[in-house]
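A.B. asks: give me a 3D structure for the following:
(one chain, ligands or ions: 1)
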Amino acid sequence: MRKKVVVIGTGPGGSACAALLQSRGMDVTILEQNRFIGGRCSTFEENGFMVDTGVHMFASGPSGPHGQVARELGVAQPWMIRNPSESMWMNENGVFYLYQKNTSFSALGELVKAGITGRQRINILNTLRRSVNSFGVVGLLKEMAGVRRANPAFLEKYDEVTTREFLYQFTEDSGVHRAMNCLSMLLLVVPYDKSSAGEFIYAVSGIFGNGTLGVPRGGAIGVPRSFLRAFRRDGGQLLLGVAARDILVEGGRVTGVVGSDGETYTADAVVSNAGLHRTVELAGEDSFPAEYVEYIKGLKLSYSWLATKLALERRVVDLKAPSFFPIPQVEADEIFAYCDEPDGLPEDPFLFVPVPTEWDPTLAAAGRQLIIMGVPTSNDVDQEDRSQKILDIGEKKLFSFFPAIERNLMWKSRITNKDTNRITRKGKGDCIGLAQIPGQVGSRKPHPKLPVEGLWAVGCDAGARGVGTEQATASAMLVSSLIT
Ligand SMILES: Cc1cc2nc3c(=O)[nH]c(=O)nc-3n(C[C@H](O)[C@H](O)[C@H](O)COP(=O)(O)OP(=O)(O)OC[C@H]3O[C@@H](n4cnc5c(N)ncnc54)[C@H](O)[C@@H]3O)c2cc1C
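C.D. replies: Numbering: from 1, shown residues only. This next block holds a predicted model:
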């Protein structure tokens, strides 16, 4: 008899896992509470523009977990790759273009051309001296090779160290610290004094190692859609608008799921993409050992990003790269301090500004431009007033760089934590899922097998490493192989 599996949710984690299990001969039903697929990785048509719910870049594109799963399933998943993919504005220190494999340190080039000033020379020498003091010359070379290869033993060494502590071994330079704090918020959605250095190294080395950072053609939804295309082709059943209300457990093992449609879906295994906190609630705390429930309740979620989506009647932003992020002129430790203060507002906000139509012109009519401006915040959902103020400040900064945006605006819309929560219904606005912080990553990341026979978690909360959606799909690869 074919093993019956119910998968709860169609985020990248749920849809990849369901498709892989179905393709390997299991009988899979997916229950998705929303009437659309993809969870936080989806795309909608908004007044003639295709707009993502949140996602704006995929760190490893076709070489990462999404591409690997699509190839295993035998489905097309076209990617748009641009080089350079990002530009990081360092004000007085110029612009760094991320050419992926071959990053142009054009800022360094500029500094050399202009003549490196005495202060800059001191910074470089201090960095060198500090790095050599920390590791010795041979040790430093080994350390640099370790960062580049990011093999499991090297990552484990830094999993329990924060990115900030890791960097202080090499340099005190404020520009480097500001830039790396921003990258930590961009890639892991956690400030660098809290993020795990092991996760940070894994994310950064993956981008440079693969050189395929990109976006799926047609928007973020292209990723879950490609997985679900294979799922349907192989005979899987997808039910939209049906929430899992209860995960049934009898005698310590899972027996099925009760849906919001009143049906009971019997199953030999249940795979939940609803996040660990909600999965424990659905199965009932009594189904688990008390210490496991306490452990799950103590796990922390990532921070979040607010966003303004700006639709322009003509192409206004014309840069070498399709995304840019200006680094704030605030001390590194202060950049995200406002996120943890109840009414805190950023003095000089960190903006991440992808221009999706520069990646993929099919997202709007010819000549139009879509711009997305993101600003970080806490994962609180009850901060609507503050969220609007943060976005006001962010837009003011963006318009100061590009005044023509306001003049050519057709419409704009905003995304706050309450919109993210409307998708996940977790009561939080976290972007990622579990925060990638010491104590919650690597060997201390929650295992996807829960302590109830036949119950599994898939997605960003369990089992894998990586940036956002890629972590979720990597988790699906692990869970599907453990189940089969
Ligand atoms: C604003 C924003 C920007 C982001 N930017 C990026 C980015 O640039 N790059 C990147 O890689 N990642 C980005 N992310 C993060 C990324 O979207 C998430 O990490 C990823 O989608 C998580 O995948 P997942 O499979 O774990 O779960 P989710 O995407 O959260 O999907 C979970 C699914 O489970 C369903 N579900 C939950 N409970 C139930 C239930 N009881 N019954 C039925 N269905 C249920 C939900 O409806 C949802 O469809 C961003 C997120 C946000 C919010």
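
A.B. asks: residues from the stretch 351-484 of the chain in reach of the ligand?
C.D. replies: With the criterion set to CB under 6 Å from any ligand atom, the stretch 351-484 of the chain comes near the ligand through 415, 420, 423-424, 431-433, 459-460, 467-470, 472. Glycine gets a C-beta too; all of them are placed from N, C-alpha and C.

A.B. asks: so which of the residues you listed sit within strands?
C.D. replies: Counting by DSSP state E, those place I415 in strands.

A.B. asks: could you dump the residues of the stretch 351-484 of the chain next to the ligand to TSV with neighbour count and pLDDT?
C.D. replies: As requested, these are exported to TSV (neighbours: other CB atoms under 10 Å; pLDDT from 0 to 100):
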residue	neighbour count	pLDDT
I415	23	95
T420	24	96
I423	19	96
T424	21	96
C431	23	97
I432	25	97
G433	29	96
G459	34	98
C460	33	97
V467	25	97
G468	25	97
T469	30	97
E470	24	98
A472	33	98
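
A.B. asks: C41 and T53 touch, don't they?
C.D. replies: Yes: taking contacts as CB atoms under 8 Å, C41 lies within contact range of T53: 7.2 Å.

A.B. asks: comparing the two, which residue is more hemmed in?
C.D. replies: Applying other CB atoms under 10 Å to C41 and T53 shows that C41 carries more neighbours, namely 30 against 21.

A.B. asks: that one looks like it's in a helix, true?
C.D. replies: No: with DSSP: H, G, I helix; E, B strand; the rest coil as the criterion, C41 is coil rather than part of a helix.

A.B. asks: contact partners for it?
C.D. replies: 11-12, 52-55, 220-221, 223-224, 469, 472 (CB atoms under 8 Å, 6 or more residues apart in numbering).

A.B. asks: can you list residues touching both of C41 and T53?
C.D. replies: Shared contacts of C41 and T53, defined by CB under 8 Å, 6+ apart, are found at A220.

A.B. asks: can you give me the neighbour number for the residue of the stretch 51-200 of the chain found nearest the ligand?
C.D. replies: In the stretch 51-200 of the chain, the residue that lies nearest the ligand is G54 (2.6 Å; CB to the nearest ligand atom). G54 is flanked by 22 other residues according to other CB under 10 Å.

A.B. asks: check E250 too.
C.D. replies: By other CB under 10 Å, neighbour count at E250 equals 9.

A.B. asks: partner residues bridging it?
C.D. replies: R253 (DSSP bridges).

A.B. asks: local confidence estimate at it?
C.D. replies: As predicted, E250 sits at a pLDDT of 97.

A.B. asks: repeat that for N123.
C.D. replies: 72.

A.B. asks: burial check on it, number of neighbours?
C.D. replies: As a measure of burial, N123 has 18 neighbours, counting by other CB under 10 Å.

A.B. asks: pretty sure it contacts H177?
C.D. replies: No: between N123 and H177 there is no contact under CB under 8 Å: 11.5 Å.

A.B. asks: okay, and the common contacts of the two?
C.D. replies: T171.

A.B. asks: contacts only, for S195.
C.D. replies: Here S195 is in contact with 162-163, 184, 188, 435-437 (CB under 8 Å, 6+ apart).

A.B. asks: same question, F166
C.D. replies: 158, 197, 200-201 are the contacts of F166 under CB under 8 Å, 6+ apart.

A.B. asks: do you know the pLDDT at the residue of the stretch 251-400 of the chain found nearest the ligand?
C.D. replies: Nearest residue of the stretch 251-400 of the chain to the ligand: A274, at 3.3 Å (CB to the nearest ligand atom). Looking at A274, its pLDDT is 98.

A.B. asks: please apply the same query to I221.
C.D. replies: For I221, the predicted pLDDT is 97.

A.B. asks: point out where this protein drops to low pLDDT.
C.D. replies: Within the chain, the ranges that satisfy pLDDT under 70 run 92-93, 100-121.

A.B. asks: if we can go back for a sec, from the contacts of C41, which land in strands?
C.D. replies: The strands, defined by DSSP E, take in D52 from those.

A.B. asks: show me which residues of this structure are close to the ligand?
C.D. replies: Residues of the chain lying near the ligand (CB under 6 Å from any ligand atom): 8-14, 31-34, 39-41, 54-58, 243-244, 273-274, 278, 305, 307, 415, 420, 423-424, 431-433, 459-460, 467-470, 472.

A.B. asks: now, the contacts of C41 that are in helices?
C.D. replies: Of the contacts of C41, the ones assigned to helices by DSSP state H are 12, 223-224, 469, 472.

A.B. asks: need those residues in TSV (columns: distance to E453).
C.D. replies: Converted to TSV, the ones in helices among the contacts of C41 look like this (distance: CB to CB, whole Å):
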residue	distance to E453
P12	26
V223	31
P224	28
T469	29
A472	24
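
A.B. asks: share the number of residues neighbouring the nearest residue to the residue of the stretch 51-200 of the chain closest to the ligand once chain neighbours are set aside, please.
C.D. replies: Excluding the flanking residues, the one nearest G54 by CB to CB, 6 or more residues apart in numbering is R40, at 5.2 Å. Neighbour count of R40, defined by other CB under 10 Å: 23.

A.B. asks: what's near enough to touch R40?
C.D. replies: So R40 contacts 11, 53-55, 420, 423-424, 431 (CB under 8 Å, 6+ apart).

A.B. asks: now do F200
C.D. replies: F200 touches 163, 166, 180, 183-184, 187-188, 192, counting by CB under 8 Å, 6+ apart.

A.B. asks: mind listing which of the residues you listed are in helices?
C.D. replies: Using DSSP H, those in helices are 163, 166, 180, 183-184, 187-188.

A.B. asks: so the nearest residue to K157 once chain neighbours are set aside versus A435, what's the distance?
C.D. replies: Closest residue to K157 in three dimensions, ignoring its sequence neighbours and counting by CB to CB, 6+ apart: G198, at 7.4 Å. Distance from G198 to A435, counting by CB to CB, to the nearest Å: 14 Å.
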